[in-house]
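1. predicted structure and sequence below. I'll ask about it afterward.
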Amino acid sequence: MNVIVCIKQVPETTEVKINPQTNTLIREGVASIINPFDMYAIEEGIRLKEKHGGKVTVITMGPPQADSALRQALSMGADEAILISDRAFAGSDTLATSYTLSCAINKLKDFDLIICGKQASDGDTAQVGPGIAQQLNIPFIAFVKKIEEISVEKKYIKVEKMLDEGYETREMSLPALITVVKEINEPRLESLRGKLKAKSAQIPVWKAADMETDAQWLGMNGSPTQVIKIFTPPKRQSGQIFEGDANDVVEKLVNKLKENKIL
Amino acid sequence: MSISVLADKCTGCKICILYCPFGAIKVESKFAVIDLDKCNLCGACPPACKFDAIAIEQKERKVTNKEQYKGVWVFAEQKHGVIDTVSYELLGEGRKLAEMLQEELCAVFIGYNIKEKANQLIFHGADKVYVADNELLNDFQDSAYAKVIFNMVQLYKPSILLGGATTIGRSLLPKLAVMLPTGLTADCTGLDIDIEKRLLMQTRPAFGGNIMATIICPDYRPQMSTVRPRVMKKLPEDTSRKGKIIVVDVPLTKRDIMTKVIEFVKDTTTHVNLHDADIIVSGGRGLKGPENFRLIQDLADVLGGAVGSSRAAVDAGWIPYSHQVGQTGKTVAPKIYFACGISGAIQHQVGMRTSDVVIAINKDSHAPIFQIATYGIVGDLFQVVPALTKKFKEILK
């Protein structure tokens, strides 16, 4: 079974802080990590390989420093990694990103399943996974919490898909794409052997010219959406604190809620 | 495509550095220098510069003929024949946008045996409802639903198309956007119209809610957004409203059904789902064990609310993941959010901090949750939560 996992390197969101004086983002010293949801995608790919054989190829589109995210995936147990990196991709929105990744996947050709994390923690769009499936014209199921059955011979996958009000089991034919949620597994730590292997691994860098691409759909040109303004959300003020006997504080709270017409 | 700093305008004021989400700008000898390896051409710095010193140029690109596209459309979601609340919220917001543009508001209604319910959408603000009613559309199917809407868009050419940022909307609309192709902005919390340019201004949180971004789609149509549930206001039902119901052809075959639903399993651990709830009561590590979620459930039941949880409680196996609020769980924005025994790490905050009112109960007065709480109770949740349940039971009788 050949699995392709698409990942993204993101700033550690929890460290992106606001400077209270200027009300703007503080970026200094913010670490880059693999998008948390992509960790589940990598883990699921490796588990499928361990059970069914084949290989796991991890791809990412990003700046040169995204190389370190790929090495981390290799040290977890992925077999190959490709960095898709070119100035021509800068300014990509989700449409251009899904197009570029699909061009890379077309070049890789031989795959049974593509796995993406449900969304990236910086943009939170959840749009690239379904977008890739449409670019490749293959079936997809978003928000998968469990793979119940998968067979390359029968070209078949059956999964549990998370819904707002429960879940459903769905099946589709392979090759296909899934996006996964946290519940699907517990990502493993990198092994020492994996780290050593990853350190010396050759990671090819594919530029636009290395793939079959149409320049009009790349980067900023291929991105219908544009950011015109970035601002900090109005700060939440901390409010009133009550302390003391449980019944007293509950009384005070309820009076406040009534007073402010919240109840 | 390129980004450049104009030497005659840059004063070296450093404001742009603060606005760059990628840490790509430095000021050297009173002049901004952009590191092209880090810059993502995201567009955040040009509007931030007070001196118009940063310019992003792009090549001319293929665009849709915008003049032909008119009207605001809403994808009206239904499940098992029941129209989702988010559909009414979208109609409420869509009505506002349509009136600003002086264009019509239409709903797209897809499913099986749903035709009779289409007038509900008119009562909530739609001028027209396009109904696609077919057996093959009984279950939600990305492929089939997307094909049906794609055909309608080609035929009727709406200028704006909105959907809910639900598990359905966030699966269907990304596919549709690639098919058309056009731009799609995810999980918007604010929509407005630039009347002069007749453009949809789409505002959404990014970086876990640490910043807000306003996004436009200037050259492609329709302009598409998914909109966060419980943010927009629905209009009161008006059964005297008149509108047109148009049944469209559904040129589908079984081949258009790319995934098959085998079984639907309702989450029975909760009576109300988190996205629909006006009130959410969440429990965390402070509950000390799974059996104590009973206290949370009791309070939620009295208030008709849903039960949420912190990541710690889910990781400990006390409650299923579907209840998790926060960065790796759900983002919620109820009218009242109770955080019981939750310290309020930033990962939890990003999932709930747009709630109208936050009530925190924690015995640690230094817990970060108190920094964002509208009301805080410093105390033992094992006493406070049952007291709240009792009190609300009395007054809500």
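-> Looks like it came in fine.

2. so what's residue 217 up against?
-> Looking at chain A here, since you left the chain open. When contacts are counted by C-beta atoms under 8 Å, 6 or more residues apart in numbering or on different chains, A:Trp217 touches A:Leu95, A:Ala96, A:Tyr99. To be clear about C-beta, it is placed using only N, CA and C from the backbone, and glycine gets the same treatment.

3. that answer is for a different chain, and I need it for chain B
-> Counting by C-beta under 8 Å, 6+ apart, B:Cys217 touches A:Pro224, A:Thr225, A:Gln226, B:Thr182, B:Gly183, B:Thr185, B:Leu199, B:Leu200, B:Gln202, B:Gln223, B:Met224.

4. which one among those gets closest to A:Thr125?
-> Out of the contacts of B:Cys217, the one with the shortest distance to A:Thr125 is B:Thr185. That distance is 8.2 Å, counting by C-beta to C-beta.

5. looks like the closest one contacts B:Tyr220 (just checking).
-> No: if you go by C-beta atoms under 8 Å, B:Thr185 and B:Tyr220 don't touch, sitting 12.0 Å apart.

6. so for those two, which sits in the more crowded spot?
-> B:Thr185 (30 against 23; other C-beta atoms under 10 Å in any protein chain shown).

7. what residues are up against the closest residue to chain A within the stretch 51-200 of chain B?
-> Across the stretch 51-200 of chain B, no residue is closer to chain A than B:Gly183, which sits at 3.1 Å (C-beta to the nearest C-beta). Taking C-beta under 8 Å, 6+ apart as the contact definition, B:Gly183 lies against A:Asp93, A:Leu95, A:Ser223, A:Pro224, A:Thr225, B:Ala177, B:Cys217, B:Tyr220, B:Gln223, B:Met224.

8. would JSON lines of these with distance to B:Thr11 be doable?
-> Formatted as JSON lines, the entries for those read as follows, by distance: C-beta to C-beta, whole Å:
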{"residue": "A:Asp93", "distance to B:Thr11": "31"}
{"residue": "A:Leu95", "distance to B:Thr11": "36"}
{"residue": "A:Ser223", "distance to B:Thr11": "30"}
{"residue": "A:Pro224", "distance to B:Thr11": "33"}
{"residue": "A:Thr225", "distance to B:Thr11": "30"}
{"residue": "B:Ala177", "distance to B:Thr11": "40"}
{"residue": "B:Cys217", "distance to B:Thr11": "33"}
{"residue": "B:Tyr220", "distance to B:Thr11": "36"}
{"residue": "B:Gln223", "distance to B:Thr11": "36"}
{"residue": "B:Met224", "distance to B:Thr11": "39"}
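
9. show me where chain B has its helices.
-> Taking DSSP state H as the criterion, chain B carries its helices at B:15-19, B:45-48, B:85-101, B:118-123, B:142-156, B:169-179, B:293-303, B:311-315, B:346-352, B:369-372, B:381-395.

10. quick revisit: with pLDDT and distance to A:Asn137 added, can I get the contacts of B:Cys217 in CSV?
-> Rendered in CSV, the data for the contacts of B:Cys217 read as follows (pLDDT from 0 to 100; distance: C-beta to C-beta, whole Å):
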residue, pLDDT, distance to A:Asn137
A:Pro224, 95, 20
A:Thr225, 94, 23
A:Gln226, 90, 27
B:Thr182, 95, 18
B:Gly183, 96, 21
B:Thr185, 97, 24
B:Leu199, 96, 31
B:Leu200, 98, 29
B:Gln202, 97, 28
B:Gln223, 98, 25
B:Met224, 98, 20
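
11. out of those, flag the one nearest to A:Glu186.
-> For the contacts of B:Cys217, the residue nearest A:Glu186 by C-beta to C-beta is B:Thr185; the value is 33.1 Å.

12. in chain B, where is pLDDT below threshold?
-> Applying pLDDT under 70 to chain B flags residues B:1, B:58-62, B:269-272.

13. okay, now the domains of it?
-> Chain B breaks down by automatic domain parsing into domains covering B:2-57, B:66-256, B:279-395.

14. assumed A:Gly45 was part of a helix.
-> Yes: under DSSP: H, G, I helix; E, B strand; the rest coil, A:Gly45 sits within a helix.

15. residue contacts, residue 252?
-> This is for chain A. In this structure, A:Lys252 makes contact with A:Phe242, judged by C-beta under 8 Å, 6+ apart.

16. actually, chain B is the one I wanted.
-> Residues in contact with B:Leu252 (C-beta under 8 Å, 6+ apart) are B:Asn134, B:Leu136, B:Leu137, B:Ala144, B:Lys147, B:Val148.

17. how about these in JSON lines, adding neighbour count and distance to chain A?
-> Listed next are the contacts of B:Leu252 as JSON lines, based on neighbours: other C-beta atoms under 10 Å in any protein chain shown; distance: C-beta to the nearest C-beta, whole Å:
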{"residue": "B:Asn134", "neighbour count": "19", "distance to chain A": "19"}
{"residue": "B:Leu136", "neighbour count": "16", "distance to chain A": "15"}
{"residue": "B:Leu137", "neighbour count": "21", "distance to chain A": "16"}
{"residue": "B:Ala144", "neighbour count": "25", "distance to chain A": "11"}
{"residue": "B:Lys147", "neighbour count": "19", "distance to chain A": "11"}
{"residue": "B:Val148", "neighbour count": "25", "distance to chain A": "15"}
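
18. picking that back up, save the contacts of B:Cys217 as JSON lines, and put in distance to B:Gly163 too.
-> Rendered in JSON lines, the data for these read as follows (distance: C-beta to C-beta, whole Å):
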{"residue": "A:Pro224", "distance to B:Gly163": "16"}
{"residue": "A:Thr225", "distance to B:Gly163": "16"}
{"residue": "A:Gln226", "distance to B:Gly163": "21"}
{"residue": "B:Thr182", "distance to B:Gly163": "13"}
{"residue": "B:Gly183", "distance to B:Gly163": "14"}
{"residue": "B:Thr185", "distance to B:Gly163": "11"}
{"residue": "B:Leu199", "distance to B:Gly163": "19"}
{"residue": "B:Leu200", "distance to B:Gly163": "14"}
{"residue": "B:Gln202", "distance to B:Gly163": "13"}
{"residue": "B:Gln223", "distance to B:Gly163": "12"}
{"residue": "B:Met224", "distance to B:Gly163": "8"}
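
19. most proximal residue of the stretch 101-250 of chain A with respect to chain B?
-> As assessed by C-beta to the nearest C-beta, chain B sits closest to A:Pro224 within the stretch 101-250 of chain A, at 3.1 Å.

20. wasn't that residue part of a helix?
-> No: the assignment for A:Pro224 (three-state DSSP) gives coil, which keeps it out of a helix.

21. which one of the helices of chain B is the most hemmed in?
-> helix B:169-179 (a mean of 26; mean count of other C-beta atoms under 10 Å in any protein chain shown).

22. now the residue of the stretch 51-200 of chain B closest to chain A: closest residue in space, sequence neighbours ignored.
-> By the measure of C-beta to C-beta, 6 or more residues apart in numbering or on different chains, the closest residue to B:Gly183 outside its immediate chain neighbours is A:Pro224, 3.1 Å from it.

23. now that neighbour: how far from B:Tyr130?
-> Using C-beta to C-beta, to the nearest Å, we find A:Pro224 at a distance of 24 Å from B:Tyr130.

24. what does B:Glu93 give?
-> Using C-beta to C-beta, we find B:Glu93 at a distance of 19 Å from B:Tyr130.

25. which parts of the stretch 101-250 of chain A are helices?
-> For the stretch 101-250 of chain A, the helices identified by DSSP state H, counting those that start in this stretch occupy A:128-136, A:192-200, A:246-259, in order along the chain.

26. deepest of those, which one?
-> Neighbour counts averaged per stretch over these are highest for helix A:128-136, at a mean of 27; criterion: mean count of other C-beta under 10 Å.

27. the inter-axis angle of it versus helix B:169-179?
-> Between the direction of helix A:128-136 and that of helix B:169-179, the angle (axes from the mean of the first three to the mean of the last three C-alpha atoms, to 10 degrees) works out to 40 degrees.
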